[in-house]
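Chemist: no sequence on hand, only this structure:
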């Protein structure tokens, strides 16, 4: 490799390994809620922003200036006659990306993915690759990420709000993928704040009972609108032990959190309670082996599941394995159109 090409590669590698700094910078912007302090069409000085959020203006300027290189915020140009006056610099306005940070759905993602728990967990990646098992006890000091969240209620709230925000955004697409017209009781396993189940109930008057099922620490904090659908109810429990009887079970972004062995436990618990003719609706990404050398976020999400949870984004054969070893079969796979971030729906029925 010639010197010029080698220097280009050095630059490229440096750019890539600096990715964590961008993650933390975006997380800081979300934590400080900077985007909310600039009006949609406003130009505002960093000094004014700093006063409003209680920050050091010079440090804030350095953060926002760096973020402009990610097309997050825009620093306004200074008239050539005033360029040497430092006071004239530091006027910022919005870009499409910084405007997006004003939305809870986007801000919550930056808070969750760039927060302590989910970044510290990655310190165990090399050991995970070597052993095939992630041990977050070494990085977070807890048996698993869920135990960490139980003790860190602030991060748990961010986690639940982030998932709920994304689900709320995707709910129309997700509901349209499945046929819920023949079910009387729908149980959303690991349903969190209940956003998806409420969307299902809204579109399907035939459903008599909708049960949002999650662990006690989630359910006890749930708050709902005054006019919540009377068919909706929260229920605390453990889907490794027992689940309510139903003819449809929904698992959105749940099975990718768990190993194959744990997923089989969940399926076997469902198998004990599912009504005749019932179905399991799994909304999870398919980490297709047929997609190679292309830009795709699913393999990165797969790594995240591996290092944080010993989970995985499963390929076609992985899903088939779970079906064959749990007494279920895959009836069909429904893929969303025009919504690249929405996961497909894989429908399981009992053999």
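Modeler: Looks like it arrived, so ask away. From a predicted model like this one, the values you see are computed outputs, not experimental measurements.
Chemist: count of residues packed around residue 5?
Modeler: One way to gauge burial is a neighbour count; for residue 5, by other Cβ atoms under 10 Å, it gives 9. Backbone N, C-alpha and C define where each C-beta goes, glycine included.
Chemist: and it, which helix or strand is it part of?
Modeler: Using DSSP states H and E, residue 5 falls within helix 3-17.
Chemist: which other helices and strands contact that helix?
Modeler: Contact partners of helix 3-17 among helices and strands, from 3 or more Cβ pairs under 8 Å, 6 or more residues apart in numbering; DSSP states H and E: none.
Chemist: distance between that helix and the chain's centre?
Modeler: Centroid separation between helix 3-17 and its chain, computed with Cα atoms, centre = their mean, to the nearest Å, is 31 Å.
Chemist: max-length helix in this structure?
Modeler: Using DSSP state H to define each element, the chain has its longest helix at helix 153-177.
Chemist: Provide the strand pairings for the helix or strand that that one is followed by, with the direction of each partner.
Modeler: Toward the C-terminal end, the helix or strand that comes next after helix 153-177 (DSSP H and E) is strand 185-189. According to DSSP bridges, strand 185-189 forms sheet pairs with strand 209-214 (parallel), strand 246-252 (parallel).
Chemist: what about stretch 51-65, how long is it end to end?
Modeler: 17 Å (Cα to Cα, to the nearest Å).
Chemist: please convert the strands paired with strand 185-189 to CSV, extending it with distance to residue 15 and mean pLDDT.
Modeler: As requested, those are arranged in CSV below (distance: least, Cβ to Cβ, whole Å; pLDDT from 0 to 100):
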stretch, distance to residue 15, mean pLDDT
strand 209-214, 40, 98
strand 246-252, 35, 98
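Chemist: residue 96 is nearest to which of the ones you listed?
Modeler: strand 246-252 (27.6 Å; Cβ to Cβ).
Chemist: check which helices and strands the longest helix of the chain sits against.
Modeler: Going by 3+ Cβ pairs under 8 Å, 6+ apart, helix 153-177 lies up against helix 104-113, helix 116-120, helix 145-151, helix 195-203.
Chemist: let's see it at 6 Å
Modeler: Where contact means 3 or more Cβ pairs under 6 Å, 6 or more residues apart in numbering; DSSP states H and E, helix 153-177 is packed against helix 104-113, helix 195-203.
Chemist: can you point out the buried residues in it?
Modeler: Buried residues in helix 153-177, counting neighbours by 16 or more other Cβ atoms under 10 Å, are found at 155-156, 158-171, 173-177.
Chemist: ok, now stretch 224-243?
Modeler: Applying 16+ other Cβ under 10 Å to stretch 224-243 flags 229, 231, 232, 234, 237, 239, 243 as buried.
Chemist: taking these together, which two end up most distant?
Modeler: Across these (Cβ to Cβ), the longest gap, 22.5 Å, separates 229 and 239.
Chemist: for stretch 344-351, buried residues please.
Modeler: Using 16+ other Cβ under 10 Å as the burial criterion, the residues of stretch 344-351 that qualify are 345, 346, 347, 348, 350.
Chemist: among these, which one has the lowest pLDDT?
Modeler: Ranked by pLDDT, these bottom out at residue 350 (93).
Chemist: which residue is the nearest non-sequential neighbour of it?
Modeler: Of all residues not flanking residue 350 in the chain, residue 328 sits nearest, at 5.7 Å (Cβ to Cβ, 6 or more residues apart in numbering).
Chemist: what count of nearby residues applies to the one you found?
Modeler: Residue 328, neighbours per other Cβ under 10 Å, totals 21.
Chemist: buried sites along the helix or strand hosting residue 99?
Modeler: Assessed by DSSP H and E, residue 99 sits inside helix 96-100. Judged by neighbour count using 16+ other Cβ under 10 Å, the buried positions of helix 96-100 are 97, 98, 99, 100.
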